[in-house]
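1. Give me a 3D structure for the following:
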Amino acid sequence: MNDVTKDQTAQSDSTRRLSIPVMAAFGSGELGTAVVTIGLYSLLLFYYQQIVGLSGTLTGLALGIALFCDAVTDPLVGSLSDRVKSKYGRRHPVMAASAIPIAITLFALFNPPDGLSAIGSFAWLTVFAILVRTALTFFVIPHLALGAEMAPDYLQRSTLYSFGALIGGVGGALIGFAVYWVLFPTTDEFTPGLLNAEGYRTFTLAAGIVLIASIGLCVLGTAGEIPNLQAPEPGANFSFLDMVRDIRDVFRDRDFLVIFAGFLLWYIFGYIESVGSPFLNLHFWGLQTEELAYFGVTALLGLPVAFALVPWVTRTFDKRNTMIGSSLAFLLLPNIPICLRLMDVSWYPANSSPWILYINLGISLLNAVTGTIAAVTYSSIYADLTDSHEYRTHQRREGTIFAARSFSGKAAGAFGLMIGGAILDLIAFPENAPYGSVPDEVIWNLGFFVGPATSFFPRRV
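-> Here you go, the predicted model:
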């Protein structure tokens, strides 16, 4: 952001400072988002392709339909939350109402009835993917917009969103550790452990509890800030035409369009790698399910480092340069070992070597740092955009702007799942595949398409 934006932000109540407990309560909301993200982007494609037996292409199509619905619900919820009138503020009632629907729909998504046909499984996935994404929107959009309202100055916003990234990241890492070590251990019956269908039921039950608790803490812990938040503009009643007008005005903002496009592309490439990671780690690298739990430990080590670095790097290099550099590093680093394996470099360790785990853990540690810095900077820049947009239009549209941010992230995730599912069908990856049963050619193609083919090449566009 330029100095004009900094000055605009500083004109808002810059003398007010958020307390650490309030910022921690705000950040606790990211824990609920993190647990849903693990389900949607780390487990969902594997579950439906390997356990349910639905083709990767149909899985991707179902999630593409859910994406279409997100195109409506994200700006709708954003515009709605900008206009809510209640004694509890604009954001808090919408956030509180979302918790139970998210938990119920996430459970249903991973627990389809037995005996469904391929069409039945496709329909079940489509309906509940739409419902869980819609319910999640009713928390994510107001939560992000709340951060832009709560933090009164340019630099404090980076700190506030760092709390969210830290709590969501550390909590997500601990949940990820429990998922792989406790719910999906390798056994004689299930090799790898992710083939255990019962583990997914347990995961969704536990996820629902964590989700409701984190949203409740976020809502109650930030309620004291409600008197300091902006009220809806006089006469700002919700209507569909107002929503369309808000979206039109936001997308006319050139600064917004640049950030929106960059955020969308970064997430698309990142999510392709994310949804392919269970297949890649288990079959391309030959890791055990329990070893996947250690990747959560590297996140625990990397996130505090990123948390400490964010204020310094954004002051030193500016938010824009920090965003670009950390985003590129996050996308490129995982492809280094993949390319070395694909090229069959003689000095690179074999899969039987313990160095394979150590190298991948090192990459994971660096990615925890760079990915967190990138995510925090993106969120902080979006918050700054609300001020520059108000400066030009005299309208506060945090909800609509963060709805567009959320849509770009979820759209990219859906595209990532669609592309990942199509890749599995393209390379003929078998269903319910134990260790050692996948042909070498399929494994090589898996590494190529999940790795460099969908990371390096698109960035030439």
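2. Phi first, then psi, for Leu333.
-> Leu333 adopts backbone torsions of phi -60, psi -50, taken as degrees, to the nearest 10.
3. separation between it and Gly409?
-> 20 Å (C-beta to C-beta, to the nearest Å). To be clear about C-beta, it is placed using only N, CA and C from the backbone, and glycine gets the same treatment.
4. Compare those two and say which one has the larger neighbour count.
-> Between Leu333 and Gly409, counting by other C-beta atoms under 10 Å, Gly409 is the more crowded of the two (23 against 17).
5. Can you tell me the element that one falls in?
-> helix 398-426 (DSSP states H and E).
6. Quick check: buried residues in that helix?
-> Buried residues in helix 398-426, counted by 16 or more other C-beta atoms under 10 Å: 398-424.
7. So which elements touch that helix?
-> helix 44-46, helix 56-83, helix 118-150, helix 240-251, helix 254-279, helix 355-393, helix 440-450 (3 or more C-beta pairs under 8 Å, 6 or more residues apart in numbering; DSSP states H and E).
8. wait, which of these is closest to Ala24?
-> When those are compared by C-beta to C-beta, helix 118-150 sits nearest Ala24, at 12.5 Å.
9. Check the average confidence over the closest one, would you?
-> Helix 118-150 carries an average pLDDT of 91.
10. Which positions within it qualify as buried?
-> 121-122, 124-150.
11. before we move on, the earlier item: now the weakest link among the helices and strands packed on helix 398-426, please, by mean pLDDT.
-> When I compare the helices and strands packed on helix 398-426, helix 240-251 is least confident, with a mean of 71.
12. Does anything pack onto that helix? Which helices or strands?
-> Contacts defined by 3+ C-beta pairs under 8 Å, 6+ apart place helix 240-251 against helix 56-83, helix 398-426.
13. now the ones you listed as CSV including distance to Ser352?
-> Formatted as CSV, the helices and strands packed on helix 240-251 follow (distance: least, C-beta to C-beta, whole Å):
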stretch, distance to Ser352
helix 56-83, 29
helix 398-426, 26
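14. quick one: which of the ones you listed is nearest Gly172?
-> Of the helices and strands packed on helix 240-251, nearest to Gly172 by C-beta to C-beta is helix 398-426, at 14.8 Å.
15. Now do the same contact list for Leu280.
-> Leu280 sits next to Ile338, Leu446, Gly447, Val450, Gly451 when contact means C-beta atoms under 8 Å, 6 or more residues apart in numbering.
16. run the last query once more with 7 Å
-> Leu446, Gly447, Val450 (C-beta atoms under 7 Å, 6 or more residues apart in numbering).
17. How about the second one: what's its closest non-neighbour residue?
-> Take Gly447 and drop its neighbours on the chain: the residue closest to it by C-beta to C-beta, 6 or more residues apart in numbering is Phe284, 4.8 Å away.
18. now Thr377
-> Distance criterion C-beta to C-beta, 6+ apart; nearest residue to Thr377, sequence neighbours excluded, is Met323 at 4.3 Å.
19. now do Leu417
-> Leu63 (4.6 Å).
20. Look up how far Ala414 lies from that neighbour.
-> Leu63 is 5 Å from Ala414, by C-beta to C-beta.
21. now swap in Leu217 and tell me
-> Noted for Leu217: a distance of 29 Å to Ala414, by C-beta to C-beta.
22. same question, Thr57
-> Taking C-beta to C-beta, one finds Thr57 at 14 Å from Ala414.
23. Check Ala108 too.
-> Ala108 is 19 Å from Ala414, by C-beta to C-beta.
24. Same question for Phe110.
-> Distance, Phe110 to Ala414, using C-beta to C-beta: 17 Å.
25. Look through the chain and report the residue furthest from the middle.
-> Ser346 (36.6 Å; C-alpha atoms, centre = their mean).
26. For it, what are phi and psi?
-> Phi and psi for Ser346, reported as degrees, to the nearest 10, are phi -60, psi -30.
27. Quick check, pLDDT for it.
-> For Ser346, the model assigns a pLDDT of 91.
28. for Ser239, same thing?
-> 62.
29. Also Tyr88?
-> For Tyr88, pLDDT reads 79.
30. so it makes contact with Ile226?
-> Yes. Counting by C-beta atoms under 7 Å, Ile226 is a contact partner of Tyr88 at 6.3 Å.
31. which one is Leu292 nearest to, not counting chain neighbours?
-> Tyr180 (4.3 Å).
32. Hmm, I typed the wrong one, I wanted Met418.
-> Counting by C-beta to C-beta, 6+ apart, Met418 lies nearest to Gly60, which is 3.4 Å off, once chain neighbours are set aside.
33. how many neighbours does the one you found have?
-> Gly60 has 26 neighbouring residues, counting by other C-beta under 10 Å.
34. which ones are touching Asn111?
-> Counted by C-beta under 7 Å, 6+ apart, Asn111 has contacts Arg201, Thr204.
35. Assign a three-state SS to it, would you?
-> Three-state call for Asn111 (DSSP: H, G, I helix; E, B strand; the rest coil): coil.
36. For it, give its distance to Ile51.
-> Taken as C-beta to C-beta, the span from Asn111 to Ile51 is 11 Å.
37. now do Asp387
-> 47 Å.
38. picking up where we left off before, correct me, but the residue nearest to Leu292 touches Thr289?
-> Yes. Between Tyr180 and Thr289 there is a contact at 5.5 Å, judged by C-beta under 7 Å.
39. which of the two has more neighbours?
-> Tyr180 (28 against 25).
40. quick one, what contacts the more buried one?
-> Tyr180 touches Thr289, Glu290, Leu292, Ala293, counting by C-beta under 7 Å, 6+ apart.
41. Switch the residues you listed over to CSV; also include distance to Tyr382 and secondary structure.
-> CSV is the format used below for the contacts of Tyr180 (distance: C-beta to C-beta, whole Å; DSSP: H, G, I helix; E, B strand; the rest coil):
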residue, distance to Tyr382, secondary structure
Thr289, 36, helix
Glu290, 38, helix
Leu292, 32, helix
Ala293, 33, coil
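42. Just the closest of these to Ile259, please.
-> Each of the contacts of Tyr180 was scored against Ile259 by C-beta to C-beta, and Leu292 proved nearest at 33.0 Å.
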